[in-house]
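Visitor: Quick one: sequence plus predicted model below, questions after.
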Amino acid sequence: MVAGPRLEFRQTQSLVMTPQLRQAIKLLQFSNLEVSAFVEGELERNPLLERDERSDAVPELPAPDQRAETTANLDSADMVRLEKLPDAVEADHTNSFDEGGASDGFSRPIGPGGRDGGDERGIDDLAATPRNLRSHLDEQLRLSLHDRQERVIGAHLIALLDGAGRVAVSNAELATAMGVSESTVARVRQTMMRFDPPGLFATGLRDCLAAQLADKNRLDPAMEALLDNLELLARRDLRALMQVCEVDGEDLTQMISEIRALDPKPGAGWDDGPLQQIIPDVLMRALPDGEWLIELNPETMPRVLVNEHYHARVSAKAGREARSYLGENLSSANWLVKSLQQRSNTILKVAAEIVRQQDGFFRAGVGHLRPLILRDVAGAVEMHESTVSRVTANKYIATPRGTFELKYFFTTALSAVSGGESHSAEAVRHRIRALVGAENPEDVLSDDAIVSALRREGVDIARRTVAKYRDALRIPSSVQRKREKSTVGLAPLDRVG
């Protein structure tokens, strides 16, 4: 054998993830907010991209039997936001918005001299900016405490507030740290616990609830005894509570209702700002003939255009490096437009199949939710399971029954007793809640009794599965429910959390 260099030809197959392919996959699993942020960044970076402000009508797709087998073969011009869906799922092509006139209750602001002022501010620009908790408390501190030393102590307490509105440091520790008397700290703290919202600056749950009850003038000896024995309430030992508080069942029921109406974390939510509203990606409504109308939400679809005229005008006079830079940006812009169109088309196709599979849920409720897995939808829309998983992540659909994440409709299956059609786990949990809610107080259902009832309805389920679902639904055990319902005048309580 002679050792030496030589040339060989080999043919191999490998999957190469190009930057464009990675971008398309990333866009597919992004939420609508993440897509909007990504597109904004591309608009700033790429000079050949511009926002599409047109409101042209969307062209219609060809009939299902005239389309290509996969969406990958469609031209970018044919990728549209809406798809005509067979079998009781149809698309809506009317996305225009009529601003209306004065007769409709809408009018444009009028400037001086009766001319159109051209004020294009939205109502969000006119809304008051919410104050955070510390600013709210600082204002009350200035109005309530006038002594300089007390104000310093109050400011220190405000600085020590945690997210729930508690100050875990005791009065003695604060007094030692600040070099003041403990009585002064206790007096300032007691005053500030009546600030709005009441219950702040408490060291624990008991003091927090007591301050709120005192603010409502409901802190009587019986209520104080109840607050001193919250562990009995957590164990749902209502008979012991009646003995400790020296009240009957009706009074204890009212007292517990008042406790449940209080806020155990009065400081939570103040500094978080307004809750982020969920904007659905897909809109769905029922037509008069009973069919479903499905469309993509135009608010969640960024529309961009490629400015090819600008590219042709600039590249004609540009040098070699500038032409190379423009060429890269042109390719990136074209790919982004195509990826956005492909993303919209894929979301609509997957959502349409989910609606078709879960038609019973939309018509009759959660009890008719079918077991569904990614493979079922992937096979129907001729996509890979990983693609369906990315499409359904962080995507929402607005339906007549509420707004749901697309992943909500994928539930595990529980087999039937006689080998019939399997049952959805979510539907079984709903049935367990209904059985417990309708049980006789004299005959509380145990987990074994629930298993027997479900098996009579055709659901093959184990006792440990019933216990797991019951815990997930925050339903007490049969022993706890029997203890509650055996107490005269007491209604079932939600689990203390």
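Guide: Arrived safely. Values in this document were obtained by computation on a predicted structure and should not be read as measured data. Numbering: from 1, shown residues only.

Visitor: From now on I want contacts and neighbour counts done on CA atoms only, so please keep to that.
Guide: OK.

Visitor: Show me the shaky parts of the stretch 201-350 of the chain.
Guide: Judged by pLDDT under 70, the stretch 201-350 of the chain has its weakly predicted residues at 269, 271-276.

Visitor: Just the strands from it, written as ranges.
Guide: For the stretch 201-350 of the chain, the strands defined by DSSP state E, counting those that start in this stretch cover 282-286, 292-296, 304-306.

Visitor: in this protein, which residue is closest to the centre?
Guide: By CA atoms, centre = their mean, the chain has its centre lying nearest to residue 278, at 6.3 Å.

Visitor: roughly how far apart are it and residue 300?
Guide: Residue 278 is 11 Å from residue 300, where distance means CA to CA, to the nearest Å.

Visitor: for stretch 206-226, how far is the first residue from the last?
Guide: 10 Å.

Visitor: now swap in stretch 155-169 and tell me
Guide: End-to-end span of stretch 155-169 (CA to CA): 14 Å.

Visitor: Likewise for stretch 225-232?
Guide: Distance between the two ends of stretch 225-232: 11 Å, counting by CA to CA.

Visitor: List the buried residues for that stretch?
Guide: Neighbour-count burial for stretch 225-232, with 16 or more other CA atoms under 10 Å as criterion, is recorded at 226-227, 229, 232.

Visitor: How about stretch 170-185?
Guide: By neighbour count on 16+ other CA under 10 Å, the buried set for stretch 170-185 is 171, 174-175, 182, 185.

Visitor: count of neighbours near residue 451?
Guide: Residues lying near residue 451 (other CA atoms under 10 Å) number 22.

Visitor: what helix or strand does it sit in?
Guide: helix 447-456 (DSSP states H and E).

Visitor: got a list of contacts for that helix?
Guide: Outside helix 447-456, the residues that touch it by CA atoms under 8 Å, 6 or more residues apart in numbering are 417, 432, 435, 460-463, 466-467, 478.

Visitor: any low-confidence regions in the stretch 351-497 of the chain?
Guide: Applying pLDDT under 70 to the stretch 351-497 of the chain flags residues 417-421, 484-497.

Visitor: Restricted to helices, list the contacts of helix 447-456.
Guide: With DSSP state H as the criterion, helices contain 432, 435, 463, 466-467, 478 from among the contacts of helix 447-456.

Visitor: Which of those residues are buried? Put it as a ChimeraX command.
Guide: In ChimeraX, a selection of the buried entries from the ones in helices among the contacts of helix 447-456 looks like this (16+ other CA under 10 Å):
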select :432,466,467
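
Visitor: can you put the ones in helices among the contacts of helix 447-456 in JSON lines and add distance to residue 22?
Guide: Below are the ones in helices among the contacts of helix 447-456 laid out as JSON lines (distance: CA to CA, whole Å):
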{"residue": "432", "distance to residue 22": "44"}
{"residue": "435", "distance to residue 22": "49"}
{"residue": "463", "distance to residue 22": "46"}
{"residue": "466", "distance to residue 22": "43"}
{"residue": "467", "distance to residue 22": "43"}
{"residue": "478", "distance to residue 22": "53"}
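
Visitor: For the stretch 301-450 of the chain, just list every one of the helices.
Guide: 308-315, 320-357, 359-364, 374-381, 385-392, 425-437, 447-456 (DSSP state H, counting those that start in this stretch).
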